[in-house]
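Visitor: I'd like to go over a predicted model; first the sequence, then the structure.
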Protein chains: 2
Amino acid sequence: MQPTARRGRPRKQEADARILDAALELLLDCGYDRFSVDEVAAKAQVAKTTLYRRWPTKDHLIVAVVARIQDEVPVEYSGDVRADLTRYLNEIVNGLNRMRQVGRATASGDASAGLVAEVAAAAARHADVGAAVQAMFARRNALVLTLLEQAREHGELRSDVEPGVLFDQLAGALYYRLLVTGRPIDAAYVDRLVTGALTGASA
Amino acid sequence: MQPTARRGRPRKQEADARILDAALELLLDCGYDRFSVDEVAAKAQVAKTTLYRRWPTKDHLIVAVVARIQDEVPVEYSGDVRADLTRYLNEIVNGLNRMRQVGRATASGDASAGLVAEVAAAAARHADVGAAVQAMFARRNALVLTLLEQAREHGELRSDVEPGVLFDQLAGALYYRLLVTGRPIDAAYVDRLVTGALTGASA
DNA sequence: GCAATTACGCAACAGCAGTATCGAAAAGGC
DNA sequence: GCCTTTTCGATACTGCTGTTGCGTAATTGC
């Protein structure tokens, strides 16, 4: 962050917020499929040029909006990994369900799946968006990973457990179920998931 | 499948194959981002109308192409779940790596992630595509799920293991890593994954 | 004050997805 | 043979994404 007094006319800071606000509002109102850059610019009372200077593609804009509504989930090791993990995963699920209201109009099943898939596709299309998405998730999950390490050092987890792999299993199962199998995700499922990952499948 | 002699002019069967061939070729040559319906129609020497009568959107066409190159992986319970699972997951990884050649031109990292994400987004956008994708995966994974049940009955897995949840963990971790964290997936990772899921994380 | 630089709004543009319309062709029903 | 139905090819069109060019406004450096 260098507030380096740049050479030319400074950017209108107000515009950024107005655009993001308009974009979020449009996303909530109309859903992803009826979301058009032109309309965002119109709603924000900003020229399309101004918008595109900040976010070079629709994908960039969408990811910026999603990143903005991602709130941090406070996580602290309580001494009971099972409870902590269950709470955190349920928080993720709640976040997805909160997204679900986005674009009820899509009529094609699940809007949360739609947004997640759209973000994933955007990440795959543009390298810089991909980096931003990875950073977003890394930031979001950092606390949980350190929690897992604490639990391991505390003796609650096997010493050879790799937090990264374990978390891939848990979070991956949620998104896989959401995107691929399309079956519902509720607290009971989260419970079975955590139980399975902790106790293991071997007899 | 009713070869019901319909009333009007019959569809040119040849066109379907020509379109799918052209689409696959274009996908292999140019990647997803330079893939345009107009060009597919031109390459297949078919009017755009003819194409759109068969696949009503670009998403439908893409999923049809991907479904076409999905080959079945034979799976049979060998008495060693660990080995069987490892083999199958590596098969999935190989499939993803085979996709990786698709669209080298995209320059944005990983083309396999791109296609997977694009298919997921298409599934979320259109209910019927979603159903087709779910069916595709269900068909692909059915053998593994029965394998897991056999292993459970054989006493190799705990009796309370739910094959569906276990498989979500494994496959989900792969796709989560591919799409979200973007870190490489190799045989060593698959190994750690299977080990983790089977032995469990609890001390 | 003046030049250089950068942002702004406006308008026009190219490219692609998907739709609409039209005449012609190929089949069945009678 | 004739009518109906459906497909085909061709063309033009709408709407959206993303780009470009241009005149103008705001700020820095001198």
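Guide: That came through, no problem. Residues are numbered from 1 along each chain as shown, chains lettered A, B, ... in the order given.

Visitor: Count the residues that sit near the closest residue to chain B within chain A.
Guide: Chain A approaches chain B most closely through A:Gly200 (2.3 Å), counting by C-beta to the nearest C-beta. For every residue, glycine as well, the C-beta is placed using N, CA and C. As a burial measure, A:Gly200 scores 21 neighbours (other C-beta atoms under 10 Å in any protein chain shown).

Visitor: How about it, nearest residue that isn't a chain neighbour?
Guide: The shortest distance from A:Gly200 to any residue other than its chain neighbours is 2.3 Å, reached at B:Gly200 (C-beta to C-beta, 6 or more residues apart in numbering or on different chains).

Visitor: who's in contact with the one you found?
Guide: By C-beta atoms under 8 Å, 6 or more residues apart in numbering or on different chains, the residues touching B:Gly200 are A:158, A:197-202.

Visitor: same thing with A:Arg18?
Guide: Applying C-beta under 8 Å, 6+ apart, the residues contacting A:Arg18 are A:44-46.

Visitor: Could you pull up phi and psi at it?
Guide: phi -60, psi -40 (degrees, to the nearest 10).

Visitor: can you list the domains in chain A?
Guide: What automatic domain parsing lists as the domains of chain A is A:14-67, A:72-199.

Visitor: Tell me which of the ones you listed sits nearest to DNA strand D.
Guide: Taking C-beta to the nearest atom of the strand, domain A:14-67 is the member of the domains of chain A nearest to DNA strand D, at 3.2 Å.

Visitor: what residues does chain A put near DNA strand D?
Guide: Applying C-beta under 7 Å from any atom of the strand, we find that chain A lies next to DNA strand D at A:5-10, A:35-38, A:48-49, A:52, A:56-59.

Visitor: Please repeat the previous calculation with a cut-off of 10 Å.
Guide: Within chain A, the positions near DNA strand D by C-beta under 10 Å from any atom of the strand are A:4-12, A:30, A:32-41, A:47-53, A:55-62, A:122, A:125-126.

Visitor: which helices and strands does the helix ranked longest in chain A pack with?
Guide: In chain A, assigned by DSSP state H, the helix with the most residues is helix A:127-153. If you count contacts as 3 or more C-beta pairs under 8 Å, 6 or more residues apart in numbering or on different chains; DSSP states H and E, helix A:127-153 packs onto helix A:58-68, helix A:81-99, helix A:111-125, helix A:163-176.

Visitor: I'd like those helices laid out as a markdown table, including mean pLDDT and distance to B:Asn90.
Guide: As requested, these are arranged in a markdown table below (pLDDT from 0 to 100; distance: least, C-beta to C-beta, whole Å):
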| stretch | mean pLDDT | distance to B:Asn90 |
| --- | --- | --- |
| helix A:58-68 | 96 | 32 |
| helix A:81-99 | 92 | 27 |
| helix A:111-125 | 90 | 22 |
| helix A:163-176 | 97 | 16 |
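
Visitor: Format those as a markdown table; extra columns: mean neighbour count.
Guide: Rendered in a markdown table, the data for the helices and strands packed on helix A:127-153 read as follows (neighbours: other C-beta atoms under 10 Å in any protein chain shown):
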| stretch | mean neighbour count |
| --- | --- |
| helix A:58-68 | 19 |
| helix A:81-99 | 18 |
| helix A:111-125 | 25 |
| helix A:163-176 | 23 |
